[in-house]
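Participant: Here is a sequence together with a model predicted from it:
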Amino acid sequence: LEAALEDLGLSIEVLRPAQKAGIVLLRGERLDFAHPLVRASAFWSVPKELRSRAHAAIARAFAARGQVERSAFHASQHAVRRDETVARLFTQSARIALDRGDSTAAAHHEEMAADYGPTDDASARHLARAAALWMSVGELARAKVCVERAADFSVSDRVTCEIAYQRARTRLAVDLSPEVAQEMRAAADQCEADTPYRAVLMLVDAVACQVLGGCTDDSAEIAQHAVRLARTVSSHAEALAAAALGAANVFEGSPSARSDIDLIAVTSLLIGQTQEFAASPQLALVIGDSLVHQGHVDQALRWAQWIEDCADTVGDRALVAVPSLIRATVSIGQGDLTEAARDAGAAAELAARCEQQTLAARAFGVLAEADAGHGSYDSAFETAARLFGLPGEVGRAARVQTLTMLGNLELQRGRASSAFAWLSAANDDAVPQVG
């Protein structure tokens, strides 16, 4: 407070009359007014030019003390749009917020930085980063707003690709249709020369979309391209792409796309390198599921724990549903239905909170299988209703899994005709008719 007053050519004594009158009270570095309406009246009665000078002085005082986030707020109150200094303060504030694990505050700061970006490119980049952060904390609607705001700017091809990727990521949370994967692949094609690491992320997320959607047979080819590109980036990027390729091979089983990928080795490399998973929660699930399918249960559980640690480290609430889902799948395979139901139920709840409907659908599929294993007819049908109530294309595997379990339950009750109807529906979904 004293530093700000000195910056304005004043001293703390200027406040004494107001103190004696009971209008303000000094509490260390804090200045409290007797009533919020008194504060508002004092604020708006001051000429705009003086208010601006006061904000600038306070911003400088906070900056001198290393309180960047508070400095950014006050700097923004006296600046006009397109102020690179203010944008930089908010960018620094976002990094500080991320360092303490507050992704929500970081997203707010990136949005504010966009308001003051010196160019359209800069503002759009801030909004794209804000969209990614909002998705990580489960605010899908807010992420979509940022993406659409970014799209309104006139930007370079590189930023256009990033906007397209973030738009596809928002769709991936609720939709596994081929168009989503195609958007990611198109964005990767455009940006791989300039930003190869971002292109790798786009490609591996496209793989996750296709594998979970279960309607294509070229995921391994996409992953192979990601591996080739990742080799020009870093060992971490290559390990991530290799893990995606290994998972695609497990689920597609295409002989022409086979490659010698040691999933234990590449996932161990990822676990040992960093405490951050940069790709989508959907890819984290696909890699974990591929380990389970190959019988690498211990490594799958290790992967789940690492994903959980990554989610905790960066405050990624969307990612936090994945470990429970992997553990539920492991428990189903081991015949521990109680644990499977508990973990699948938790995963469904966590995914729903973050609007990750494609993850929620997988959780419902596992939960339906656990219910069927217990012979819980009513619970299984309630779970099925929740699954089929999800809008959009949320994945064939969960539907087939659930329909099959409903057929099994009908057989347990001796209702062969009803069982046949459920199993026929599962067969139609598993092998779609074309033409």
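Facilitator: Now that the structure is in, tell me what you want to look at. Predicted, not measured: the structure shown is a model, and the values here were computed from it.

Participant: what's the nearest residue to the residue nearest to the spatial centre of the chain if we skip its chain neighbours?
Facilitator: Ranked by distance to the mean C-alpha position of the chain (CA atoms, centre = their mean), the top residue is residue 136 at 3.1 Å. The shortest distance from residue 136 to any residue other than its chain neighbours is 4.4 Å, reached at residue 316 (CB to CB, 6 or more residues apart in numbering). Where you see a C-beta, it was placed from the backbone N, CA and C, and this is true even at glycine.

Participant: what bits of this structure have low per-residue confidence?
Facilitator: Within the chain, the ranges that satisfy pLDDT under 70 run 253-259, 431-435.

Participant: can we see that at 80?
Facilitator: Residues of the chain that meet the criterion pLDDT under 80 lie in 1-2, 28-30, 78-81, 215-216, 253-260, 314, 430-435.

Participant: on that earlier part again, now do the SS call for the residue nearest to residue 136.
Facilitator: coil (DSSP: H, G, I helix; E, B strand; the rest coil).

Participant: Now for it: which residues touch it?
Facilitator: Contact criterion CB atoms under 8 Å, 6 or more residues apart in numbering gives 103, 136, 137, 277, 281, 310 as the residues in contact with residue 316.

Participant: switch the cut-off to 10 Å
Facilitator: With contacts taken as CB atoms under 10 Å, 6 or more residues apart in numbering, residue 316 has the following neighbours: 101, 103, 133, 135-138, 276-277, 281, 284, 307, 310, 322, 354.

Participant: Now list the buried members of those residues.
Facilitator: Taking 16 or more other CB atoms under 10 Å as the criterion, what is buried in these is 103, 133, 135-138, 277, 281, 284, 307, 310, 322, 354.

Participant: which one of these is nearest residue 70?
Facilitator: For the buried ones among the contacts of residue 316, the residue nearest residue 70 by CB to CB is residue 103; the value is 19.1 Å.

Participant: for the residue lying closest to that closest one once chain neighbours are set aside, what are its contacts?
Facilitator: Taking CB to CB, 6+ apart, and ignoring the residues beside it in sequence, residue 103 has residue 315 as its nearest neighbour in space, at 4.2 Å. With contact taken as CB under 10 Å, 6+ apart, residue 315 is in contact with 97, 98, 100, 101, 102, 103, 104, 105, 106, 133, 136, 137.

Participant: Save those residues as a markdown table, and put in secondary structure and distance to residue 347 too.
Facilitator: What follows is these, written out as a markdown table (DSSP: H, G, I helix; E, B strand; the rest coil; distance: CB to CB, whole Å):
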| residue | secondary structure | distance to residue 347 |
| --- | --- | --- |
| 97 | helix | 27 |
| 98 | helix | 25 |
| 100 | coil | 27 |
| 101 | coil | 22 |
| 102 | coil | 24 |
| 103 | helix | 20 |
| 104 | helix | 22 |
| 105 | helix | 27 |
| 106 | helix | 25 |
| 133 | helix | 22 |
| 136 | helix | 17 |
| 137 | coil | 18 |
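
Participant: Good, we can wrap up now.
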